Every structure is written in C-alpha cells, then in structure tokens.
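[1] Everything below, folded, please.
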Amino acid sequence: MANRLKNALKFSLSGEDNALDLRNIKYLPRWVVFLIDICLVSISFLLTTLIIVDLTPNYYTFMDFASKGVICVLINIFFFFIFKTYAGIIRYSSNIDALKLILATACSFITLITINYITYFVIGQKIYLIGGLLINLWISFSLLFLFRLAVKQVYEYFKIAQRNESLIRTVILGADENAISIAGALDLEHPKRFKIVGFLTKTKHNRSIRLLDKPVVKYQDTVHEEIESLGAAAVILSDDSYTSEEKFALVENCLENNIKVYNAPIVSNWEDDDKPIAQKVQTLQIEDLLDREPIVLDKENKEAQLTGKTILVTGGAGSIGSEIVRQVAHYNPKLLIILDQAETPLHNLQLEVGSKFPDLNYKCIICDVGNLKRLELMFQNNNINVIYHAAAYKHVPLMEANPHEAVFVNISGTKNLADLSVKYNVGHFVMVSTDKAVNPSNVMGASKRAAEMYVQSLFHSDLNKGEFSTKFITTRFGNVLGSNGSVVPLFKKQIQKGGPVTITHPDIIRYFMTIPEACQLVLEAGTMGNGGEIFVFDMGEPVKIMDLAIKMIKLAGYVPNQNIKVKITGLRPGEKLYEELLNDECKTLPTHNKKIMIGLDTVHNYDVINEKIIKIIKSANKLKNDKIVAKLKELIPEFISNNSTYQLLDKVNEIREK
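    Residues are numbered from 1 along each chain as shown. I've put the predicted structure just below:
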C-alpha cells in the first residue's frame, strides 16, 4: 500500500503539467476499506448521539455513550464480515454492493433492537432509543454508500481527465445485451483505448432512445455517414447476426472512408483471465472477412469411422495435419498416430496434445514418408484403419528448384503409403491435395497431380479388389489462411515491419479457405467417399491478392502506398495468375453437402501410371531434374511450365508434335 501511494503521488515532470496523478492507484486494499467503514459507522454513531442529545433530554442512561458506541460498532463489524462489504473493488461497485450494505446495516439495526429489548425484559431498562437506532441506520448506510460513490466519481474524474492517453472515438455496431456489455466494460477499463460515443443498429428505433446515455442510430447502406455524424473514427463489430456478405460490405464501406474497424468477441465467450477487457477488442483480421458459413458435418458418421479406431495422420505437425489431429482427438480413437519428419514442430504438438487431451491414446513418430522400410514397420506394428495423408512439400518456388525432393515426398511418399494401405487392409485413405494440381504450371502442382492419379488408379486396379479393399479419397484445396507459407501471415509480418508488402503480380487471384474449413472437408470426405473420388470444396469467389493486401493494410490502420508501400516483385518460377479447382474436361456431381462436389476426373490404367511413376522416381534418385520434369510432363500432358526454366521442355514437345 505504501508503495502504491508513493507511486500515486508522483508528479508529471514532462510538458507544462505538474498535475497530481491519482490514476496510479489501482484499487484500495480490503483492510483499508474495512478501516474506513469502521470509521464511518463510528462517525454515524457520534452524529446520531449529537442529534438525540439536541432533540430530547429523555435518553436512556443505563450505559454511557462510549459503551453504547462500542457495542454499535462491534455489531456493525460483525455484519461487515458476514456480508463482506469490504471485499469488492470500490470503483467497480454495483447494485450488489449496495444490497450488501443495506443487509449489513439492517441486520445491525435488528440486532441492536433485539439487544435493546433483551436488556429491557431482563433488567427493566433499555440501552438505545428506537428513534436513535433508526437515525443511526439511515446515517450509517448513507455514509457507507456515499463513500463508495465518491470513490467511483473521483476515479471517473481522473480517468476522463487523461492527458497523455489518446482515446479513439468509437461506435459499437449493435444494440443488444452483448453490445451494452462491451460498452460498459470498455468504459470501466483503465487505461482506456476507446471512448464510446454511440450505438449503430439495423433496426429502426425511436430517435430519443439512448443506451448508457449514448445515442442509438439506425444506419443505412453507407454506414460511414452515421459513424462520422457521431464524431467517431472507429467502429467495433459486436453483432454476430450479420452474414459474411453483409459484414464484408460494411467493412469495405468503413475502410474506403478511413474508419478503423475492430472486432469484439461475444461476451459470454470471453475467457476468465487477467487480460484487460480493452485488449479483447482486436483489430479486425482479414480471416474474419474471408471466413464463410461453417460446413455442416455428420457427426454420427465421424464417430462410426473414428471412434475406437487406429488413425494415422501424416504431416501431423503441419498446419493442416495438426488441425486434423485436434479434430480427430475429439472422437476418442483407439490410437492416434501422428507422423512427421519435422522434429521441433512434432515435439510442440506432442506437448499440446498431451495437455489438451490427457486421456487420448496417441504416439508421435519421426519418419519421412519416403522411407518405405520405416513405414512398413509402422504398418506391421499397428492395425491402421484410417489414414489422413497431409504430408507434402508445397512451396512452389522451392519445388521448382528442387524437383527431386517433390518426387521423393509428394509422389514416392504417397505411393509408399498407398501401397502399404492396400497390403495391410487399411479401410480409408484420405489424401490432401491442392488446386495447383489442376492444369499444373509448376513442379509442385504436377507432383500432387501425379499422386492423385496414382491413388485413383490404384483404387480401381486389381490389386485393390476383394473384401478388404481400401477406399482412396482425394480432397482438393485452395489456399489455406494461416497455414505455413500462406500469403496472409507473410503480409502481416511485412505490415508489422513497416512494409513493403510484396505482391508478385497486380492481377494475381486465389481461392481461400480457413484451416478449420479445410480439415472439416478432409473429415467429411473420409466418411462420404466410396473410393476413387476427388472432392472439391465450393470456395466462393476468388480473391484478388492486390485487394487483399490493400484491405490488410487498411485494417492495420495504415494508408496503402503512403504509410505502407505495396511492391510488385514479378511472378515467381512456376507461379500462375489464377488457380483452378477443376480442369476443362472434368465434370462435377453434387453431394448431400451443397458445399462439397465430386470431380469426375478421368481414371487412368494403373499399370501405365505405376510404370511411369517408377521411372519418375528413378530419375529423381539420379537427381536429374530435367529428366524428372520431362517425365512428369509425359505423365501429365496438361502440365505446362510457367515463368520457369522448364518452359524449354514445352517448346521441345511442341516441335516434336509438329
């Protein structure tokens, strides 16, 4: 307490102000509040005595005034302990605290009356005048209540008089209980970031309606006009009833008019931690705008496929694989095997899984999917029922420079796992693929397309016939927000460093989905598929990367090309302007889930595909990159290199065809 008071009495020596800053006192200790309350009830008794002596000479003389006062104070102390009137933080006093004061003083009054009549019946004399006890009740409650009110008002005064803290004038979108709770919480928080000046709502209200003494305004399509009319420079989104399209349009309108946008979680979802309330209100993230309605999953099918089964997740320490692990863990598998070659990420995931799922039976295995002997030993020791194959190299420029590595992991690794799945009667094999496998323009996309072709042909081959045939299922994704190597985390880091934000081409576009969406698709496909399908997710409209960068800069509170520069670097090797989920020849079939389609791709002969892939792997073992790419182009005729040294191979093929 001494240190707190010492800090509170420091004077500000900077600038022209030498004002005493009492805001450093965070709260009064309980014992201080308790002592002040005792002083107040003592003062109340003295005032009551003065009033009684002045009003009438006919007061009781059974005890002297000092003894009467001690009894009165001790009884009040007892009920202070019972109702813990001293326990709350004064500046946050509420109706509950006022009720505690009423109960404590009323019980003290009743107890004193009881003592009064007990002495009367025992010895024939009373200690207190009944009128005096009523006056004391009124004075003591008033002093205790006014003390708390005064502390709140003094604190509010110094909070409002902040000289060195710039408050953001803000409106809250919504006028429901959640919005009111957020506004009240932010108003109490110290140090403050926001000054709430009003509420915005889609619903028409009476013009005179006010919440927390702040106006409630109905907005039209151009929300910025109402925000500016209230003198605000920011808006906090607190209403979760908006669709993704409505939220996107609203945010777009705000950003175009230099209005900052913040996002507040539902109050009931706030974690019970020490994090200041104002810090829970975060700058709106681009993921909040690109997120869509969640995929509706069939939980019963998941339970039938995963509960009590042995599940293998390859690439389990990656962004997609680790989320699959988290989701599968909720279904209580018999054993969850997490396989990855990255030691540190796998170790970190092991710690996380052990903490979040203490009852889960799992094990982590360090292994490269290209290591056939190591994989076979794992299959021999575990009766695996379902495989989620997420292990892959996915960075386009790196694979363009190292095609042999793409073959070792993306093609050979998939082949190893697929062959062992057939050999050891695995029920379901779900492969994670990419939209870059469609009409590939780079080695990475071509390697994933080769893997797709192999598992499809293997499913339809004679090797996979019989009672225990493996169902091979492929899921094809676009770009995954927040995954390792995704453009969004890259832009965030560049913005945090002050720029520039680098874009390879001003017209480049991409499809996006969130990590949970991607993993839900994997689980859903695993139960929907009968084998041989390629499941494609309806990803909505593609996003122009330039627009994405501009929005992220604005959401961070900067002006594009003024505070943060946008730099065009040129297309990287193998990169193309747009991605596709289906090629021109592929047709689609709907499923019971409107967001998931089945791509009817051409099924190739297994013997032909297997022979060509073996040749590709042999070329990779010899580290002959040109031969690797040439054989990939032979396997995948639609593989046309873009902005790459391997474009020469395409020209050679054109000459041969002529």
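
[2] Run through who's touching stretch 448-468.
    392, 410-411, 414-415, 418-419, 422, 425, 429, 431, 433-434, 436-438, 440, 469-472, 474, 531-532, 534, 601, 603-607, 609-610, 613, 616, 632, 635-636, 639 (Cβ atoms under 8 Å, 6 or more residues apart in numbering). Any C-beta I mention is one placed from the backbone N, CA and C, and that applies to glycine too.

[3] That one: how far from the chain's middle?
    Here stretch 448-468 shows a centroid-to-chain-centroid distance of 39 Å under the convention Cα atoms, centre = their mean, to the nearest Å.

[4] Any idea how far apart the tips of that stretch sit?
    One end of stretch 448-468 to the other measures 26 Å (Cα to Cα, to the nearest Å).

[5] Buried ones in it, by neighbour count?
    448-461, 463-464 (16 or more other Cβ atoms under 10 Å).

[6] again with stretch 222-238
    Applying 16+ other Cβ under 10 Å to stretch 222-238 flags 223-224, 226-227, 230, 232, 234-238 as buried.

[7] And the furthest pair within those residues?
    Maximum pairwise distance among these (Cβ to Cβ): 17.8 Å, between 224 and 238.

[8] between the buried residues of stretch 222-238, which is closest to residue 388?
    Closest approach to residue 388 among these (Cβ to Cβ): residue 237, at 34.7 Å.

[9] residues contacting that closest one?
    173-174, 247, 250, 261-264, 284.

[10] And those residues, which is the shakiest by pLDDT?
    Looking at those by pLDDT, the weakest one is residue 284, with 64.

[11] related to what we said a few turns ago, name the nearest of the buried residues of stretch 222-238 relative to residue 502.
    For the buried residues of stretch 222-238, the nearest to residue 502 is residue 234 (28.3 Å; Cβ to Cβ).

[12] Quick check: beta-bridge partners of that closest one?
    residue 170, residue 260 (DSSP bridges).

[13] who touches it in this structure?
    168-171, 194, 259-262.

[14] go with 6 Å
    168, 170, 260 (Cβ atoms under 6 Å, 6 or more residues apart in numbering).

[15] wait, the first one sits on residue 192?
    No - counting by Cβ atoms under 6 Å, residue 168 sits too far from residue 192 to count as a contact (9.2 Å).

[16] Show me the domain layout of this protein.
    8-160, 168-284, 299-478+512-538+584-635 (automatic domain parsing).

[17] Please identify the deepest-packed of those domains.
    domain 299-478+512-538+584-635 (a mean of 20; mean count of other Cβ atoms under 10 Å).

[18] so how far is that domain from its chain's centroid?
    27 Å.

[19] okay, and for the stretch 351-500 of the chain, where does confidence drop off?
    Counting by pLDDT under 70, the stretch 351-500 of the chain has low-confidence residues at 481-485.

[20] Tell me which stretches of it form strands.
    Counting by DSSP state E, counting those that start in this stretch, the stretch 351-500 of the chain has these strands, from start to end: 362-366, 386-389, 428-434, 471-477, 479-481.

[21] Can you show me the helices along the stretch 51-200 of the chain?
    For the stretch 51-200 of the chain, the helices defined by DSSP state H, counting those that start in this stretch cover 65-83, 95-123, 130-160, 177-188.

[22] Out of those, which gets nearest to residue 568?
    Of all the helices of the stretch 51-200 of the chain, helix 177-188 comes closest under Cβ to Cβ, at 40.3 Å.

[23] Would you mind getting the angle between that closest one and helix 130-160?
    With axes from the mean of the first three to the mean of the last three Cα atoms, to 10 degrees applied, the angle from helix 177-188 to helix 130-160 works out at 80 degrees.

[24] what pLDDT, on average, does stretch 141-150 get?
    Confidence over stretch 141-150 (mean pLDDT, whole number) is 83.

[25] Ok, stretch 184-199 next?
    The model assigns stretch 184-199 a mean pLDDT of 76.

[26] Can you show me the CA trace of it as PDB?
    What follows is stretch 184-199, C-alpha atoms only, in PDB (Å, rounded to 0.1, in the frame of the first residue of the first chain):
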ATOM      1  CA  GLY A 184     -19.900  -0.900 -20.200                       C
ATOM      2  CA  ALA A 185     -16.800  -2.900 -19.900                       C
ATOM      3  CA  LEU A 186     -14.700  -0.600 -22.100                       C
ATOM      4  CA  ASP A 187     -16.000   2.400 -20.200                       C
ATOM      5  CA  LEU A 188     -14.700   0.900 -16.900                       C
ATOM      6  CA  GLU A 189     -11.300  -0.200 -18.300                       C
ATOM      7  CA  HIS A 190      -8.200   1.700 -17.400                       C
ATOM      8  CA  PRO A 191      -6.100   2.700 -19.200                       C
ATOM      9  CA  LYS A 192      -8.700   3.400 -21.800                       C
ATOM     10  CA  ARG A 193      -8.300   2.900 -25.500                       C
ATOM     11  CA  PHE A 194     -11.900   3.700 -26.600                       C
ATOM     12  CA  LYS A 195     -14.400   6.500 -26.000                       C
ATOM     13  CA  ILE A 196     -17.800   5.000 -26.800                       C
ATOM     14  CA  VAL A 197     -20.000   7.700 -28.400                       C
ATOM     15  CA  GLY A 198     -23.000   5.700 -29.600                       C
ATOM     16  CA  PHE A 199     -24.500   2.600 -31.000                       C
END
